[in-house]
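Asks: model this:
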Amino acid sequence: MVPVGSRSLYLLCRSLSAALGDAGHSVTLVSTFPASMKHENVKEVHTGGDNSAMDTPNIFSINNDKVQMINMMQNASISIGRKMWSNEAIKQLWRDRNNFHAIVIISYINEIAVPFLLDYEGAYINFCTPGVEFQHLAQQGNWVPMSVLPSIIHPFTNDMSFLERAINLPTEIMRMIGLNFWRYHSMQVFLEEFFPGFPPLASLYHNSSVALINGHFALDGSVPLLPTQVEVGTINAKPARPLPQDLEEFLAGAGEAGVILFSLGSLVKSADMPPHLKAALVEGFGRVKQHVVWKYEGDDLNLPPNVITRKWLPQQDILGHNQTRVFMSHCGNLGMQEAQYHGVPVLAVPVFFDQVRNAARMERKGYAVMLNWDDLTADSLVDAITTLTSDPRYQQRLSLVSQSVKDQKESPGERAVWWIEYAIRHKGSPHLEYSGRRLHLFQYLMLDVLLFWFVVPKFRHLAPYPEILQLI
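Replies: Reported below is the predicted structural model:
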């Protein structure tokens with residue numbers, strides 16, 4: 001279930017649905033996008049909501065206003081939720097929820113789907129789409145130290161400096177407070193409009209049998225995970241297919257210089273860029289020897305002969321083409337997985353949320369060169385492209401990571417299917433529940449115990465049975 005999310009989240013859930021369908025399961029995919037799957041075992045149900053709040057905002061105009069960004073996500077959730085729980089097709093699915101052996105829900109900003117877990121008797125699986133993330137791991141009691149797992153919103157890697165760790169700790173604490181005391185509270189109030197007496201939201205949303213994680217250690221680094229925390233990163237990555245004839249001819253015509261693919265994904269639109277950025281990109285692309293394929297939603301550009309634009313592009317088929325030399329990207333999680341899967345160096349231009357973290361990881365590993373939008377000029381663009389195409393070490397490193405991520409004993413889709421089936425077979429797999437799940441962070445770090453041993457000796461003279469404290 002992905003009632004709230006960008007098109008990339010929908011595509012990720014399509015890949016999981018297809019894997020389950022290929023294994024013979026009957027799958028119902030709930031989203032706010034028009035049905036697009038052609039699979040005999042997959043049925044799509046529309047929430048009835050309007051996804052324009054996610055599809056139409058100008059991210060460039062609101063990116064610096066974090067409050068506006070948060071409010072946009074909140075308003076989208078509530079707007080879609082009202083339509084969804086007024087939709088008879090969704091209400092019928094809800095009444096029939098115990099006919100499903102498993103329910104999969106995206107692990108963040110999809111609280112409006114949680115009512116499907118009320119008195120649900122099957123296996124609940126959540127799907128963490130940004131990859132390994134501190135608060136998601138903590139839902140199952142796996143409190144990975146914040147000293148080795150950076151916040152999703154910071155440009156840090158797992159190898160943080162002292163200053164980065166000093167920044168990371170309060171950031172995650174504030175994010176936990178914001179999630180539990182603001183986001184969940186407001187969504188709780190909303191859900192109670194449709195489900196009076198709705199139990200505490202987190203008690204259902206966090207209570208998954210298995211957590212699928214859209215990450216992989218070859219891409220994101222090693223982190224200790226519980227058996228029920230299963231990495232399925234690159235589930236959306238696939239071998240390239242033949243390109244449409246016009247694109248194939250354009251790529252082939254680039255010769256040895258090759259091609260640059262430029263895309264800002266499904267949520268951020270190139271057409272929304274300020275005019276000075278468009279001008280810098282057009283000038284810079286016109287000065288390089290590569291051909292450029294640009295996902296651009298408008299028709300207002302005066303393009304040089306080596307540049308073409310399309311409103312939609314077969315991204316993976318271009319990334320997997322032997323003519324592709326550089327992927328200029330906003331660094332969404334799926335795009336970065338696909339770049340590494342296909343072994344293509346990245347010119348990183350992150351915009352918001354986890355993209356800055358993803359870009360920083362890629363740059364520090366030597367897979368990318370990063371440009372900030374505030375510093376982007378035609379000269380800096382040409383310099384970055386020249387660096388990526390003239391230094392063979394970028395391509396060599398990406399070739400190695402591509403080999404590593406493809407070297408798996410089963411495909412990510414097969415792994416996801418096996419664990420979902422395992423949770424179904426074992427009635428939610430209660431035997432795999434980690435005892436740390438019953439502890440909050442203060443208890444998990446034994447701060448309560450340390451406080452006890454610090455305080456008690458100071459008051460031993462007040463104890464009614466002082467001999468009991470002789471061993472202290």
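
Asks: tell me the contacts of the residue lying closest to residue 277 once chain neighbours are set aside?
Replies: Once flanking residues are discounted, residue 277 sits nearest to residue 376: 6.2 Å by Cβ to Cβ, 6 or more residues apart in numbering. Where you see a C-beta, it was placed from the backbone N, CA and C, and this is true even at glycine. Contact analysis of residue 376 by Cβ atoms under 8 Å, 6 or more residues apart in numbering lists 277, 280, 281, 349.

Asks: Which one of the residues you listed is nearest to residue 206?
Replies: Using Cβ to Cβ, residue 349 is the member of the contacts of residue 376 that lies nearest residue 206, at 34.4 Å.

Asks: Could I get the pLDDT score of that closest one?
Replies: According to the prediction, residue 349 has pLDDT 95.

Asks: what number of residues lie near it?
Replies: Residues within reach of residue 349, counting by other Cβ atoms under 10 Å, total 24.

Asks: ditto for residue 123
Replies: Quick note: residue 123 (other Cβ under 10 Å) scores 24 neighbours.

Asks: Any figure for the gap between it and residue 315?
Replies: Applying Cβ to Cβ, to the nearest Å, the value for residue 123 to residue 315 is 33 Å.

Asks: again, but for residue 277
Replies: In this structure, residue 277 and residue 315 are 21 Å apart, going by Cβ to Cβ.

Asks: got it, and residue 227?
Replies: Residue 227 sits 33 Å away from residue 315, going by Cβ to Cβ.

Asks: ditto for residue 300
Replies: 23 Å.

Asks: How many residues are close by the closest residue to residue 314 other than its chain neighbours?
Replies: Once flanking residues are discounted, residue 314 sits nearest to residue 243: 6.6 Å by Cβ to Cβ, 6+ apart. By the criterion of other Cβ under 10 Å, residue 243 has 20 neighbours.

Asks: shouldn't residue 243 be in contact with residue 315?
Replies: No: assessed by Cβ atoms under 8 Å, residue 243 is found out of contact with residue 315, at 11.2 Å.

Asks: rewinding a little: tell me which of residue 300 and residue 315 has more neighbours.
Replies: Using other Cβ under 10 Å, the more surrounded residue of residue 300 and residue 315 is residue 315, with 21 against 8.

Asks: Which pLDDT value belongs to the more buried one?
Replies: So, for residue 315, pLDDT stands at 95.

Asks: Please tell me I have it right and it contacts residue 336.
Replies: No: using Cβ under 8 Å, residue 315 is not in contact with residue 336; the gap is 11.9 Å.

Asks: pretty sure residue 355 contacts residue 346?
Replies: No: judged on Cβ under 8 Å, residue 355 makes no contact with residue 346 at a distance of 11.5 Å.

Asks: and for the two, which residues touch both?
Replies: In contact with both residue 355 and residue 346: residue 331, using Cβ under 8 Å, 6+ apart.

Asks: Quick check: chain neighbours aside, which residue is closest to the residue most central in space within the chain?
Replies: The centroid of the chain falls nearest to residue 130 when counting by Cα atoms, centre = their mean (2.2 Å). Closest residue to residue 130 apart from its sequence neighbours, by Cβ to Cβ, 6+ apart: residue 354 at 4.9 Å.

Asks: and the one you found, how many neighbours?
Replies: For residue 354, the neighbour count with other Cβ under 10 Å is 20.

Asks: now residue 101
Replies: Neighbours around residue 101, by other Cβ under 10 Å: 15.

Asks: next one: residue 439
Replies: Number of residues near residue 439 (other Cβ under 10 Å) recorded here: 15.

Asks: Now do the contacts for it.
Replies: residue 141.

Asks: how near is it to residue 300?
Replies: According to Cβ to Cβ, residue 439 stands 56 Å off from residue 300.

Asks: sorry, back to before: show me which pair in the contacts of residue 376 is furthest apart.
Replies: Pairwise over the contacts of residue 376, using Cβ to Cβ, the maximum falls at 280 and 349, 11.4 Å.

Asks: What segments of the stretch 151-300 of the chain are strands?
Replies: Assigned by DSSP state E, counting those that start in this stretch, the stretch 151-300 of the chain shows strands spanning 210-213, 229-231, 259-263, 291-295.

Asks: Just want the angle from the third one to strand 291-295.
Replies: Counting by axes from the mean of the first three to the mean of the last three Cα atoms, to 10 degrees, strand 259-263 points 20 degrees away from the direction of strand 291-295.

Asks: Which neighbouring elements make contact with strand 259-263?
Replies: With contacts taken as 3 or more Cβ pairs under 8 Å, 6 or more residues apart in numbering; DSSP states H and E, strand 259-263 sits against helix 275-287, strand 291-295, helix 315-319, strand 324-329.

Asks: Give the buried residues for the first one.
Replies: With burial defined by 16 or more other Cβ atoms under 10 Å, the residues of helix 275-287 counted as buried are 277, 278, 280, 281, 282, 284, 285, 286.

Asks: so who does the closest residue to residue 199 other than its chain neighbours touch?
Replies: Once flanking residues are discounted, residue 199 sits nearest to residue 118: 7.7 Å by Cβ to Cβ, 6+ apart. Residue 118 makes contact with 195, 198, 199, 204, according to Cβ under 8 Å, 6+ apart.

Asks: and the first one, how many neighbours?
Replies: In other words, residue 195. By the criterion of other Cβ under 10 Å, residue 195 has 14 neighbours.

Asks: ok, it - contacts?
Replies: So residue 195 contacts 115, 118 (Cβ under 8 Å, 6+ apart).

Asks: mind redoing it with 10 Å?
Replies: The contact partners of residue 195, by Cβ atoms under 10 Å, 6 or more residues apart in numbering, come to 85, 94, 114, 115, 118.

Asks: nearest spatial neighbour of the first one, skipping sequence neighbours?
Replies: With Cβ to Cβ, 6+ apart as the measure, residue 194 is the residue that lies nearest to residue 85, at 4.5 Å, once sequence neighbours are left out.

Asks: hang on, that neighbour packs against residue 86?
Replies: Yes: judged on Cβ atoms under 10 Å, residue 194 makes contact with residue 86 at a distance of 8.5 Å.
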